[in-house]
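*Asks:* Need coordinates for the following:
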Amino acid sequence: MKGRSPLTLIAAVVAGALIGAGGGAGTYAALSSRDTKTVVRQVQVGDAQPAASTSGLSVNAIYRLTHRGVVEVKVNSQSSDPFGGSRNQTAEGSGFVLDTQGHVITNQHVVDNASSVHVTFWNGKTYSATVVGTDPSTDLAVLDVDAPSSVLFPLTVGDSSKVEVGDNVVAIGAPFGLAETVTAGIVSALHREMTSPNNFSIDDSIQTDAAINHGNSGGPLLDEQGHVIGVNAQIESDSGGSDGVGFAIPANTIKSISSQLLSSGKAEHAYLGVELGDGAARVVTVRANTPAAKAHLRAGDVIKSIGGTSVSTSDELRAAINTRKPGDRVTLVYTRGGKRHTVSVTLASRPS
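*Replies:* Numbers count the residues shown, from 1 in each chain. Next comes the predicted model:
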């Protein structure tokens, strides 16, 4: 989006020694030096929620209730050097315990291309972990940690639809490898739209002014009851460090995606195959060999409804598609040159 600095994926990358954010705004992904630019876009919501007025636990009480469920994630991988060799690279992120079976939630970009993963718990003990599954479209991953039940303290995943602007929040993680770091703030805004590592939208993201830095990736954003309302994933910053504009993947997305990853190791998303402009659901590009291409959609077409759900904006169209599954056959209504057309479309699975 023009006029905005890019967001940063906030896993701290280590190659021999810890590498900080560096000068200027940039995107840093775990285990990689690729410069994947991501942006956040404000989504207008007609019934914006008011600031909350209820009180809850103190920051200290939230910490005491939840800190044993927050973990530090360290990932090893091999990367190529300019001379044709390879070098070991380590990334540091955060995560939280999901259940008593040893499953841990973190960001996909933290464990991307991992050759080995280790998780450190509240008592300083470190255990090996395997990647159960990842979903780059929502930047979420589930790990399976070989740890005794005595160190597993699952956190409760809350309902992000009940979060309101102004709610007090607490973030716990390992920024720059500093385990069990606690920061506090408020929910600054709701319904933000982040761009995922594979360039799809992550809807309903939560914006917070709680300090988020490199290494906080995958750690929980907690409400006043100590419930997880989001996974900290990105920051917007000119400096590369915390400027008080952080973003978390909402809890309801965490619940939906983690259940799929635990079931099959992957998450599927319905896919039409069009790129849309801001505002109206007007087609800008039709990708080749997609349901949209097979339905003979063209640039300039304006989609009016899908599967019986009326849409007037690109956000509404994406939300309607997200309620569907790959393989669903839906009726698509669109206008071209002032004429109304109807076509049947079988949705595909979103490419990785």
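*Asks:* which strand is the longest one in the chain?
*Replies:* The single longest strand within the chain, with elements called by DSSP state E, is strand 181-195.
*Asks:* So which elements touch the next helix or strand after that one?
*Replies:* Going down the chain from strand 181-195, the next helix or strand is strand 201-208, by DSSP states H and E. Packing partners of strand 201-208 (3 or more C-beta pairs under 8 Å, 6 or more residues apart in numbering; DSSP states H and E): strand 181-195, strand 228-236, strand 246-250, helix 251-264, helix 314-322. C-beta here means a position set from N, CA and C on the backbone, and glycine is covered the same way.
*Asks:* what residue ranges in this protein score low on pLDDT?
*Replies:* 1-7, 11-54 (pLDDT under 70).
*Asks:* quick one: the longest strand of the chain to strand 246-250, angle?
*Replies:* 70 degrees (axes from the mean of the first three to the mean of the last three C-alpha atoms, to 10 degrees).
*Asks:* any idea how far strand 181-195 is from the chain center?
*Replies:* Relative to the centre of its chain, strand 181-195 is centred 12 Å away, using C-alpha atoms, centre = their mean, to the nearest Å.
*Asks:* Send me that strand as CSV with only the CA atoms.
*Replies:* Taking C-alpha atoms only, strand 181-195 is exported to CSV below (Å, rounded to 0.1, in the frame of the first residue of the first chain):
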residue,chain,number,x,y,z
THR,A,181,9.6,-11.0,28.5
VAL,A,182,6.3,-9.3,29.3
THR,A,183,5.0,-6.2,27.6
ALA,A,184,1.5,-4.6,28.0
GLY,A,185,-0.7,-2.3,26.1
ILE,A,186,-4.1,-2.1,24.6
VAL,A,187,-6.0,-3.3,21.5
SER,A,188,-5.3,-0.3,19.2
ALA,A,189,-7.5,-1.4,16.3
LEU,A,190,-9.4,-4.4,14.9
HIS,A,191,-10.1,-5.9,11.5
ARG,A,192,-6.7,-5.1,10.1
GLU,A,193,-5.6,-7.1,7.1
MET,A,194,-2.0,-8.5,7.1
THR,A,195,-0.3,-10.2,4.2
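*Asks:* Report the buried residues of stretch 265-274.
*Replies:* 267, 269-274 (16 or more other C-beta atoms under 10 Å).
*Asks:* Sorry, wrong one. I was asking about stretch 143-158.
*Replies:* 143-145, 147, 151-155, 157-158.
*Asks:* Stretch 281-299 now?
*Replies:* For stretch 281-299, burial by neighbour count (16+ other C-beta under 10 Å) applies to 281-283, 286, 290-292, 295, 297.
*Asks:* from these, which is closest to residue 94?
*Replies:* When the buried residues of stretch 281-299 are ranked by distance to residue 94 (C-beta to C-beta), residue 290 comes first, at 36.1 Å.
*Asks:* ok, now how distant is the closest one from residue 202?
*Replies:* Distance, residue 290 to residue 202, by C-beta to C-beta, to the nearest Å: 21 Å.
*Asks:* With residue 213 instead?
*Replies:* Residue 213 is 20 Å from residue 202, by C-beta to C-beta.
*Asks:* Whichever helix or strand residue 331 is part of pairs with which strands, parallel or anti?
*Replies:* Element membership of residue 331, judged by DSSP H and E, is strand 329-336. The pairing partners recorded for strand 329-336 under DSSP bridges are strand 302-306 (antiparallel), strand 339-346 (antiparallel).
*Asks:* Report the buried residues of it.
*Replies:* Of the residues in strand 329-336, those buried by neighbour count under the rule 16+ other C-beta under 10 Å are 330, 332-334.
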